[in-house]
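Undergrad: Structure here, sequence nowhere to be found:
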């Protein structure tokens, strides 16, 4: 018997998943903000995630990267607080914070002692509603942005995945949140003011809170802080994905060859998302996965290989990476694509159980983090318009059989492939050479 089966049976039968579930409270503000609350009793901490529908998909073509600059600048100073004062105010709360620029949202999140939650929300209301954009601070933020862009050349493994998304996802969802040097270098404070006023609006925003709090008090506080904020942001265009074979070679003098392969899949709303998610875990879900055992261990053609199913609004893509030497690039590409195509032949019972073990383990461990819970609430509301219960997600994976997964893999085979490579010049290819197949 495969060892992977036993831990999964423990998770599926020993864990009381319903007991781990929490009731999600929801409140709709009149201006289009949705407040979500996940009460975790007995915890002295609270976390929040504020998602503003101002992601990089609605950036102007001549100001790519402006959203990242905006998010950074908003955390530097407000109309009431100078940079040092704002920094001190954030630190005094014991706040562990983060900002993330995503395709359709900009997210401001944090975890802190529950007793400081109200103070934190008051401070973030000021940050979101009364930012101040000063030239001196802009130059400091721009320098960080330009460093991040320049660092891609020193991190070709990351760069190739950025370029793969750009090639595979042909709508604005395929852009990099970093923007490009040409546009980031000329963004002004006036641009920031204009884009903030145009896109940082409350309609469609989400505020998710998890941990220790009083729901009635929280609703009243959010209405007080955000209830009179009015405005509707631009609507993003639909996601578009390349659905024909495409190959691109980006020449860079490196010792390794970076290979990225992607193809269309399904999004969270699709009825076959869960079986395909299990299939993706069989393909690349640890040291027992097919890519690790077949491409790295048995063939020995790569030093690193992995793949993931990435969801987008209404869509999904599989993104795969392999790092190898230039001499073995052709062999590596062929072996990688062969393994991707072989998934159509189906998986075994043992592979299914190992994949399910990993997914359910991650699901269970996420429940221990209030910050992870806020992220899941936001992601579900953005994708589904509701928050899935833990039991619902568990059941979606528990009830799947090998036949279910294999049927989904046959219905959604790998391909057509978009391939991007970064490495030294070979066979007469020039810098940035593109080949449509």
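TA: Nice, thanks for sending it over. Keep in mind that what you see is a predicted model, and the values were worked out from it rather than measured.

Undergrad: In three-state terms, label residue 207 for me.
TA: Classification of residue 207 using DSSP: H, G, I helix; E, B strand; the rest coil returns strand.

Undergrad: With residue 373 instead?
TA: Assigned with three-state DSSP, residue 373 falls in the helix class.

Undergrad: Do I have it right that it meets residue 363?
TA: No: using CB atoms under 8 Å, residue 373 is not in contact with residue 363; the gap is 11.4 Å. The C-beta positions use only the backbone N, C-alpha and C, and glycine is treated the same way.

Undergrad: Just want to know which of the two has more residues nearby.
TA: With neighbours defined as other CB atoms under 10 Å, residue 373 and residue 363 compare such that residue 373 has more, 25 against 17.

Undergrad: residues touching the more buried one, list them.
TA: 22, 38, 40, 47, 208, 210, 366-367 (CB atoms under 8 Å, 6 or more residues apart in numbering).

Undergrad: can the residues you listed go into a markdown table with extra columns for secondary structure, neighbour count and distance to residue 187?
TA: As requested, the contacts of residue 373 are arranged in a markdown table below (DSSP: H, G, I helix; E, B strand; the rest coil; neighbours: other CB atoms under 10 Å; distance: CB to CB, whole Å):
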| residue | secondary structure | neighbour count | distance to residue 187 |
| --- | --- | --- | --- |
| 22 | coil | 16 | 42 |
| 38 | strand | 21 | 37 |
| 40 | coil | 19 | 41 |
| 47 | strand | 26 | 32 |
| 208 | strand | 28 | 30 |
| 210 | strand | 28 | 35 |
| 366 | helix | 14 | 36 |
| 367 | coil | 17 | 41 |
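
Undergrad: Can I get these in CSV including distance to residue 131 and pLDDT?
TA: Below are these laid out as CSV (distance: CB to CB, whole Å; pLDDT from 0 to 100):
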residue, distance to residue 131, pLDDT
22, 34, 72
38, 28, 95
40, 31, 89
47, 23, 98
208, 22, 98
210, 26, 96
366, 32, 83
367, 34, 82
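
Undergrad: give me the element residue 203 is part of.
TA: Per DSSP states H and E: residue 203 is located in neither a helix nor a strand.

Undergrad: before we move on, what about residue 334?
TA: Applying DSSP H and E, one finds residue 334 within helix 329-342.

Undergrad: from the chain's centre, how far out does that helix sit?
TA: Centre-to-centre, helix 329-342 and its host chain are 26 Å apart (CA atoms, centre = their mean, to the nearest Å).

Undergrad: and what of stretch 323-332?
TA: 29 Å.

Undergrad: Need the max-distance pair from the contacts of residue 373.
TA: 208 and 367 (14.8 Å; CB to CB).

Undergrad: Helices of the stretch 101-250 of the chain, residue ranges please.
TA: Ranges of helices in the stretch 101-250 of the chain, per DSSP state H, counting those that start in this stretch, are 117-129, 135-151, 156-168, 181-184, 189-199, 215-226.

Undergrad: which residues does residue 46 contact?
TA: 111-114, 117, 209-213, 370 are the contacts of residue 46 under CB under 8 Å, 6+ apart.

Undergrad: Including distance to residue 283, could these go into CSV?
TA: CSV is the format used below for those (distance: CB to CB, whole Å):
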residue, distance to residue 283
111, 33
112, 38
113, 41
114, 41
117, 41
209, 36
210, 32
211, 35
212, 40
213, 40
370, 31
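
Undergrad: Just those: which are in strands?
TA: The strands, defined by DSSP state E, take in 111-113, 209-211 from the contacts of residue 46.

Undergrad: Looking at these, which is nearest residue 136?
TA: Lowest distance from residue 136 to those (CB to CB) belongs to residue 112, with 29.3 Å.

Undergrad: beta partners for that closest one?
TA: residue 46 (DSSP bridges).

Undergrad: got a list of what it touches?
TA: Residue 112 neighbours (CB under 8 Å, 6+ apart): 45-47, 93-96, 120.

Undergrad: Quick one, which of those residues are buried?
TA: Those of the contacts of residue 112 that meet the buried threshold are 45-47, 93, 95, 120, by 16 or more other CB atoms under 10 Å.

Undergrad: Output those residues in CSV; the columns should cover distance to residue 71.
TA: What follows is these, written out as CSV (distance: CB to CB, whole Å):
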residue, distance to residue 71
45, 24
46, 22
47, 19
93, 19
95, 16
120, 17
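
Undergrad: I'd like the distance between residue 92 and residue 252.
TA: For residue 92, the distance to residue 252 (CB to CB, to the nearest Å) stands at 45 Å.

Undergrad: So between these two, which is more surrounded?
TA: residue 252 (17 against 11).

Undergrad: So what's the residue count around residue 61?
TA: Count around residue 61 with other CB under 10 Å applied: 8.

Undergrad: And for the residue nearest the centre of the chain, nearest residue in space, chain neighbours not counted?
TA: Centroid check for the chain by CA atoms, centre = their mean gives residue 102 as the closest residue, at 7.0 Å. Distances taken as CB to CB, 6 or more residues apart in numbering place residue 55 nearest to residue 102, at 5.2 Å, with adjacent residues excluded.

Undergrad: Which of the contacts of residue 46 ranks first by neighbour count?
TA: Neighbour tally across those (other CB under 10 Å): the maximum, 28 neighbours, falls on residue 210.
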